[in-house]
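>>> Generate coordinates for the sequence data below:
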Amino acid sequence: MTTVTTIIDVRTPDEFALGHLDGAINVDWEGATFATDVSALDPVGTYIVYCRSGNRAGHAKTAMEGMGFTDLTNAGGLDAAAVVTGLAILH
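This is a model prediction of the structure:
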């Protein structure tokens with residue numbers, strides 16, 4: 001069985017619109033619906049989280065761990081996440 005990795009961009013929708021990883025979903029760490037949006041995801045899935053610098057991704061990762069997620073990677077900022085994942089940045 002192949003493990004599917006979900007890429008989560010935790011920046012604001014405006015930041016996401018300026019450029020994001022191909023296939024990433026936008027779940028705004030600072031948004032009012034972060035916990036609700038994350039709770040709709042499978043906690044046993046594999047996730048890579050990124051933002052602009054890695055700071056918000058770190059906070060989001062910690063929050064998700066508190067919600068029962070276990071397979072999480074903070075890939076740092078957008079450029080670093082592109083290197084880690086090998087995915088293109090879409091503008």
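>>> could you say what helices and strands the longest helix seen in the chain packs with?
When the chain is parsed with DSSP state H, its longest helix is helix 55-66. Contacts defined by 3 or more Cβ pairs under 8 Å, 6 or more residues apart in numbering; DSSP states H and E place helix 55-66 against helix 34-39, strand 46-51, strand 71-77. Where C-beta positions appear, they are placed from N, C-alpha and C, glycine not excepted.
>>> Could I get the buried residue list for it?
Buried residues in helix 55-66, counted by 16 or more other Cβ atoms under 10 Å: Arg56, Ala57, Gly58, His59, Ala60, Lys61, Met64.
>>> what's the spacing between the fifth one and Gly54?
Distance, Ala60 to Gly54, by Cβ to Cβ, to the nearest Å: 10 Å.
>>> mind listing what the residue nearest to Gly23 when sequence neighbours are not counted touches?
Nearest residue to Gly23 in three dimensions, chain neighbours excluded: Ile7, at 5.8 Å (Cβ to Cβ, 6 or more residues apart in numbering). Applying Cβ atoms under 8 Å, 6 or more residues apart in numbering, we find Ile7 in contact with Leu21, Gly23, Ala24, Ile25, Tyr47, Ile48, Tyr50, Ala81, Thr85, Leu87.
>>> So for the residue nearest the centre of the chain, what pLDDT did the model give?
Among the residues of the chain, the one closest to the centroid is Ile8, at 2.2 Å (Cα atoms, centre = their mean). Looking at Ile8, its pLDDT reads 98.
>>> how would you label the residue nearest to Gly23: helix, strand or coil?
Three-state call for Ile7 (DSSP: H, G, I helix; E, B strand; the rest coil): strand.
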